[in-house]
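Student: Give me coordinates for this.
(chains A, B and C)
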Amino acid sequence: MSDHRIPKRIYYLIFATLLLFTMITVEVAFYDLGILSFPVALGIACFKSTLVILYFMHVRYSSGLTGLFVSAGFIFLAILLVFTLLDVKTRDWQFQPDESGISLVVPF
Amino acid sequence: MSEGHSGLVAHQFETAEQQKETVNLGMWAFLITEVMMFGALFSAYGFYRAQYPAAFAAGSDHLNYFMGAFNTAVLICSSLTMALGVQAAQQGKRKGIILFLLLTILLGGIFLGVKVLEYADKYEHHLMPGINFSVDSPFAAQIELFYCFYFAMTGLHALHMIVGIAILGTLVVLSYRRRFSANYYNPVEMAGLYWHFVDIVWIFLFPFLYLIGRS
Amino acid sequence: MSNTVAVASHPEPDNNYWTAGYGLKSWLLTTDHKRIAILYLIMISVFFVIGGLFAVLIRLELLTPAGDLVSSDTYNKLFTLHGLVMIFFFLIPSIPAVMGNFLIPIMIGARDLAFPRINLLSWYVFAIGGMTTFAVVLFGGVDTGWTFYTPYSSTYSKTAVGLTAIGVFITGFSSILTGLNFVVTIHKMRAPGLTWFRLPLFVWAHYATSLIMLIGTPVVAITILLVFLERVFGVGIFDPALGGDPVLFQHLFWFYSHPAVYIMILPSMGVISEVVACFSRKRIFGYGFVAFSSLAIAVLGFLIWGHHMFTSGQSILAGMVFSILTMLVAIPSAVKVFNWTATMYKGSISFETPMIYVFGFLGLFTVGGLTGLFLGALGLDVHVHDTYFVVAHFHYIMVGGAIMGYLAALHFWWPKITGKLYSEAWAKLSAIIIFIGFNLTFFPQFLVGYLGMPRRYHVYPDEFQIFHILSTAGASILAIGYAFPAFYLIWSLFRGEAAPANPWNAKGLEWTVPSPPPKHNFDTIPVVKEEAYDYSRLEEEVV
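Tutor: A predicted model of the protein is given here:
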């Protein structure tokens, strides 16, 4: 698979991009983006890791099977995340901290 | 993971090419299990973060984001040196392998050193759940929860770093003994995949633990 | 197959994998997938007996409404250990680690699995996990139920939860390693000409199973580890008093443990596909549908775990979504059952022992599957949740489905594995005894569960006693049925007739090598030129 010789300058380019986006993600953390702050941080992290996977881990130059394996991992992880968050985001009760400890709050 | 040595093809394979592809796929399958293992922790963390945003933001505030960012940069550097090490292996450059792997080990060591400083700092500030945790806040229980996940996730990640450094150390010795050539460098490549994966975990850990909710 | 071919491909008839080396060391350090399969077979048989003994004690206690045989605490430990041993140490490794290990490389025309040493490692990891669980029994057992629900397991239980958690955690890695080995082997080690759509369905089923092992097991491993950390450090990851959420534990636990049900049943389905085609003398009906339904079950299995949590406090919307998605799993399961029955249609069916188990499987799995739909329906589940209806349902799937499939496989491939023929009459008799005993044990549990008998209680109202008497009586018959094979199969090892290479006149690469197979399976890697289950051509050749 990795018999492709990737030119060194691509490695340096990816490296520079990764550092740049690390700075960006730190910078934007200090702006109040409201509900956008989580998606932005997630998006930047996904972008960075995609670069690592595609170039440092050579997936861009590998067989489709490798790509399928990588995507399978992340798809099943997404299933786990989406369904647990679906539960917690649509509950009509939640734990609420108060002076006496923690109580169960049902809003109706 | 590799079954053969020095270009030898193990008995169950027909060709060296088949062996190489198989080992490669095996490594990716292993990385899937790693994704799911860290993924379970990320999911649990996200589940609580969604329930207690304020408490988790308060917990996050106690972390030193500069140290986190510095460590991110260190790991990205180490990923570069690892990638260059694999490239040296592809070209059969023995000195290149040894140099770049040693650099990677050094950077991994710096990362762990910073991590030790951070953990020591948390200990001093009584932020270690189950050991000396005490915070004056109405959300103390939830902040403790944040720190449970902080230590579980960064601890598991650090464990992977330590294993990675041990693997790289072994490869340096093997390379010094001329075990690799342009025809046989699979272990270096597999170690590279593992190292990059550990880097990716940190790429997600850093913003989620240190940054979100900081503004 | 004529004699000349057999001799030519196998010059030294005694040089099979049994005789390739002698002594304990040649077994404990082997990397031969066939020998590792035998090691697994011995191990899981021991665990099956242990788990069965716990079941015997449970059934004896339930004979009377009063708690007279054991105390409540002991009873809690009994059903916990029964579940733990049967699920983690028997059902999950049963068909994959024994039959899959033995057969997959031969079926795909390879000399071994992709990573033989990792295969051996997985057995040792399994053994260590098993020993840890033995230690749990010595240290007084564990009483959380096999589900480890928090906060009981993490905070309140005074039993050896920590040690059990370590045992299950370790065993999980054995499962991961086996799954990894199978996935990679099936992708990369197939013989020339053996395309995906020429693979035996047994291999497809194991591919789907292995995917679940790879993807699900790490999640439960880390979850159990969190429970362990919570107990050791006294933190509140899942403890509501300390800000944690026990429902999260259930999410993470069932993300693995629901698909784990398919780890148990999918390999059985693979066995059924092989056996039903062989004894109907027909190619399987709708090969592509059966193959893809395995994958569909594996993938859908990850979307429906919340149906275990309808009464646990997850949101109503999540409950509804999980309920609807649960119904979808019925589709690929039904596709399989219909295709197997369609395969038998106009086939020339014969009633050898493996086929009797297949008939048992088809009936019992259908009952188990359909009652699963009752339980997947959000409204009805609230009524029967945590009753004996659930107990009966999953025993119909796991005992009626998975173990029937395992026994079918054991009888179908026993001549291949050991090179000996067992007594067909005894085998048929025990298959029928098992079928009768099973139904008598578990059918009354549907009724008593629907009437309101909760699971995991050992004291119950008098009016339920008749059902429990029937159930215990059935369990005695079932135990006799299970004891028979132990005797006649071991007997066959010493006194059985030598088996020919292909005693059933079946298709598949495993029947082209001698019984038992030589050490490296094939002298030359075969080239496959035909689809699987081409029985019509075989019949023409015979005629």
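Student: List the buried residues of stretch C:157-172.
Tutor: Neighbour counts over stretch C:157-172 (16 or more other C-beta atoms under 10 Å in any protein chain shown) mark C:157, C:159-172 as buried. All C-beta spots, glycine's among them, are computed from the backbone N, C-alpha and C.
Student: which outside residues touch it?
Tutor: C:77, C:84, C:88-89, C:125-126, C:128-130, C:132-133, C:135-136, C:139-144, C:148, C:153-154, C:217-218, C:220-221, C:224-225, C:227-228, C:231-232 (C-beta atoms under 8 Å, 6 or more residues apart in numbering or on different chains).
Student: Mark which of these are part of helices, please.
Tutor: Using DSSP state H, the subset of those located in helices is C:77, C:84, C:125-126, C:128-130, C:132-133, C:135-136, C:217-218, C:220-221, C:224-225, C:227-228, C:231-232.
Student: Start from the N-terminal end of chain A and give the strands.
Tutor: Using DSSP state E, the strands of chain A run over residues A:94-98, A:101-105.
Student: Could you tell me the least trusted of these?
Tutor: Note on these: strand A:101-105 shows the lowest mean pLDDT, a mean of 62.
Student: Checking the lowest-mean-pLDDT helix or strand in chain B against chain A, do any of its residues make contact.
Tutor: Every helix and strand of chain B was ranked by mean pLDDT, DSSP states H and E. The lowest is helix B:53-61, at a mean of 90. Yes - with C-beta under 8 Å from any C-beta of the partner chain as the criterion, chain A is reached by helix B:53-61 at residue B:55.
Student: That helix - contacts with which helices or strands?
Tutor: Counting contacts by 3 or more C-beta pairs under 8 Å, 6 or more residues apart in numbering or on different chains; DSSP states H and E, helix B:53-61 is packed against helix B:140-176.
Student: Show me what the least confident helix or strand of chain B is in contact with.
Tutor: With contact meaning C-beta under 8 Å, 6+ apart, helix B:53-61 is reached by A:97, B:48-49, B:137, B:139, B:142-143, B:145-147, B:150, B:209-214, C:243.
Student: out of those residues, which are buried?
Tutor: The neighbour count (16+ other C-beta under 10 Å) marks A:97, B:48-49, B:139, B:142-143, B:145-147, B:150, B:209-214, C:243 as buried among the contacts of helix B:53-61.
Student: closest point of chain B to chain C, which residue?
Tutor: Chain B approaches chain C most closely through residue B:130 (2.7 Å), counting by C-beta to the nearest C-beta.
Student: Next, the contact list for that residue, please.
Tutor: Contact analysis of residue B:130 by C-beta under 8 Å, 6+ apart lists B:148, C:229, C:232, C:233, C:234, C:235.
Student: what about the helices in chain B?
Tutor: B:16-51, B:53-61, B:65-90, B:94-124, B:140-176, B:186-206.
Student: Would you single out the least confident of these?
Tutor: Of all those, helix B:53-61 has the smallest average pLDDT, which comes to a mean of 90.
Student: which intervals of chain A have sub-threshold pLDDT?
Tutor: For chain A, residues meeting the criterion pLDDT under 70 lie at A:1-4, A:95-108.
Student: what's the longest helix in it?
Tutor: helix A:64-89.
Student: angle of that one against helix B:16-51?
Tutor: 10 degrees (axes from the mean of the first three to the mean of the last three C-alpha atoms, to 10 degrees).
Student: Would you mark the buried spots in helix A:64-89?
Tutor: A:66, A:69-70, A:72-74, A:76-77, A:79-81, A:83-88.
Student: filter these down to the ones near chain B?
Tutor: Among these, the ones lying near chain B by C-beta under 8 Å from any C-beta are A:66, A:69-70, A:72-74, A:76-77, A:80-81, A:84-85, A:88.
Student: Pull the most distant pair out of these.
Tutor: Maximum pairwise distance among these (C-beta to C-beta): 34.0 Å, between A:66 and A:88.
Student: Point me to the residue of chain C nearest chain B.
Tutor: residue C:233 (2.7 Å).
Student: What is the burial count for that residue?
Tutor: For residue C:233, the count of nearby residues is 16 (other C-beta atoms under 10 Å in any protein chain shown).
Student: correct me, but it touches residue B:131?
Tutor: Yes - shown here, residue C:233 and residue B:131 form a contact pair, counting by C-beta atoms under 8 Å, at 7.2 Å.
Student: for the residue nearest to residue C:116 when sequence neighbours are not counted, helix, strand, or coil?
Tutor: Distance criterion C-beta to C-beta, 6 or more residues apart in numbering or on different chains; nearest residue to residue C:116, sequence neighbours excluded, is residue C:31 at 3.7 Å. The local conformation at residue C:31, judged by DSSP: H, G, I helix; E, B strand; the rest coil, is coil.
Student: So for residue C:31, what's the pLDDT?
Tutor: 93.
Student: Please report how far it lies from residue C:81.
Tutor: Noted for residue C:31: a distance of 33 Å to residue C:81, by C-beta to C-beta, to the nearest Å.
Student: Spell out whether stretch A:11-26 and chain B are in contact.
Tutor: Yes - interface with chain B: stretch A:11-26 contributes A:11, A:12, A:15, A:18, A:19, A:22, A:23, A:25, A:26 (C-beta under 8 Å from any C-beta).
Student: from those residues, which ones fall inside helices?
Tutor: A:11, A:12, A:15, A:18, A:19, A:22, A:23, A:25, A:26.
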